[in-house]
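Undergrad: Sequence and predicted structure below; questions after.
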Amino acid sequence: MDIVGKWKNAENSMTIEVLYNKKTFSAKIIASRNPSDVGKIVLWGLTYNSKDKEWGNGYVQLPEMKHPADCFIRLSKNNTSEITGYHVFRSLGRTQLFYKIAKLN
């Protein structure tokens with residue numbers, strides 16, 4: 001499974017579209033309960049690490065965040081992704097679940 005596609009958060013308040021551009025993955029908000037958030041880039045600079053089976057070395061800044069954080073994404077079963085943002089220590093990060101709703105060609 002790949003992270004490219006459309007994903008909805010667990011609260012059903014936001015939909016993001018993850019794209020691959022040259023060597024990195026990024027995502028923008030394509031639907032939100034807050035219309036002013038639509039179009040904002042929320043993930044960028046992610047690369048795939050086949051050893052760890054995760055996308056990392058990128059950044060996340062969801063609308064409720066004041067500053068960008070380091071980020072990694074892990075996929076789990078049933079089209080679920082865990083997006084974790086952290087400052088300095090991965091183990092102290094905050095994880096949000098997103099569910100894949102559409103695959104891009």
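TA: Perfect, thanks for sending it.
Undergrad: Which helix or strand in this structure has the lowest average pLDDT?
TA: Ranked by mean pLDDT, DSSP states H and E, the weakest helix or strand in the chain is strand 94-102, scoring a mean of 92.
Undergrad: In the sheet, which strands lie alongside that strand, parallel or antiparallel?
TA: strand 5-9 (antiparallel), strand 80-86 (antiparallel) (DSSP bridges).
Undergrad: contacts for that strand?
TA: 1, 5-10, 15-16, 62, 78-86 (CB atoms under 8 Å, 6 or more residues apart in numbering). To be clear about C-beta, it is placed using only N, CA and C from the backbone, and glycine gets the same treatment.
Undergrad: Which ChimeraX command selects the buried ones in those residues?
TA: In ChimeraX, this line selects whichever of the contacts of strand 94-102 come out buried by 16 or more other CB atoms under 10 Å:
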select :5,6,7,8,9,15,16,62,81,83,84,85,86
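Undergrad: Which of the three states applies to Ser36?
TA: helix (DSSP: H, G, I helix; E, B strand; the rest coil).
Undergrad: export the strands paired with strand 94-102 to JSON lines and tack on mean pLDDT and distance to Gly39?
TA: Below are those laid out as JSON lines (pLDDT from 0 to 100; distance: least, CB to CB, whole Å):
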{"stretch": "strand 5-9", "mean pLDDT": "96", "distance to Gly39": "15"}
{"stretch": "strand 80-86", "mean pLDDT": "94", "distance to Gly39": "19"}
